[in-house]
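J.: Sharing a model prediction with you, sequence too.
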Amino acid sequence: MTLQQLAQILGAIGVIASLIYVAIQIRNYARAVRAATYQQLSASLATMWMNLSTNEEWLGKMLRGGADFEALNRMEKATFRMGLMSYLRTYENAWFQRSIGTLRDKDWQAISSVMESMFSMPRMRAAWPLIRNRSGSDFAEHVDKLVARLVAAATAN
């Protein structure tokens, strides 16, 4: 074996080692991005629900609006819709993160179960068409399917 052949073999080993190192770094970076995404979503959801739990006026509007949206006055309806849009934006972010692979399916399931319980209230579903166009079309289609499934389940009972 010549010195040139030995240098080529060592160079090839170096390239392979470099590729392995880069692959490990990319995997670690992807894991860090997923962790940061999950942390941000968890913090947003926790803040959202803490604000709701500590604001009796807003909680009352959500409960009344969820039970009977039409019973709210004009200002309460507007407040209810804006609050619902704010909450849904957080869920839309989680849905988007899942769709691009930064949020795992099982984590999405935990988050989406809360959204599903919100839409289990008939009047919450009634408010959806009023704010549907404020969401991205893919997420809106996802919510449409959720609402249709919940309506079908409610009418089957």
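T.: Okay, I see it. Residues are numbered from 1 along each chain as shown.
J.: can you tell me which residue is nearest the centre of this protein?
T.: In the chain, the centroid-proximal residue (Cα atoms, centre = their mean) is A94; its distance is 1.5 Å.
J.: Check which helices and strands the helix or strand harbouring M75 sits against.
T.: Per DSSP states H and E: M75 is located in helix 74-99. Counting contacts by 3 or more Cβ pairs under 8 Å, 6 or more residues apart in numbering; DSSP states H and E, helix 74-99 packs against helix 3-54, helix 56-68, helix 105-119, helix 122-131, helix 137-156. All C-beta atoms are positioned from the backbone trio N, CA, C, and that covers glycine.
J.: What is the second one packed up against?
T.: What that stands for is helix 56-68. helix 3-54, helix 74-99, helix 122-131.
J.: So L52 sits against L63, correct?
T.: No - under the criterion of Cβ atoms under 8 Å, L52 makes no contact with L63, lying 10.0 Å away.
J.: Mind checking which of these two has more residues around it?
T.: Higher neighbour count among L52 and L63: L52, with 14 against 11, using other Cβ atoms under 10 Å.
J.: Grab the nearest non-local neighbour of the more buried one.
T.: L59 (5.5 Å; Cβ to Cβ, 6 or more residues apart in numbering).
J.: quick one: the one you found and K145, what's the gap?
T.: 28 Å (Cβ to Cβ, to the nearest Å).
J.: Pick out whichever of those two has more residues nearby.
T.: More neighbours surround L59 than the other of L59 and K145, with 13 against 10 (other Cβ under 10 Å).
J.: Thanks again, I'm all set now.
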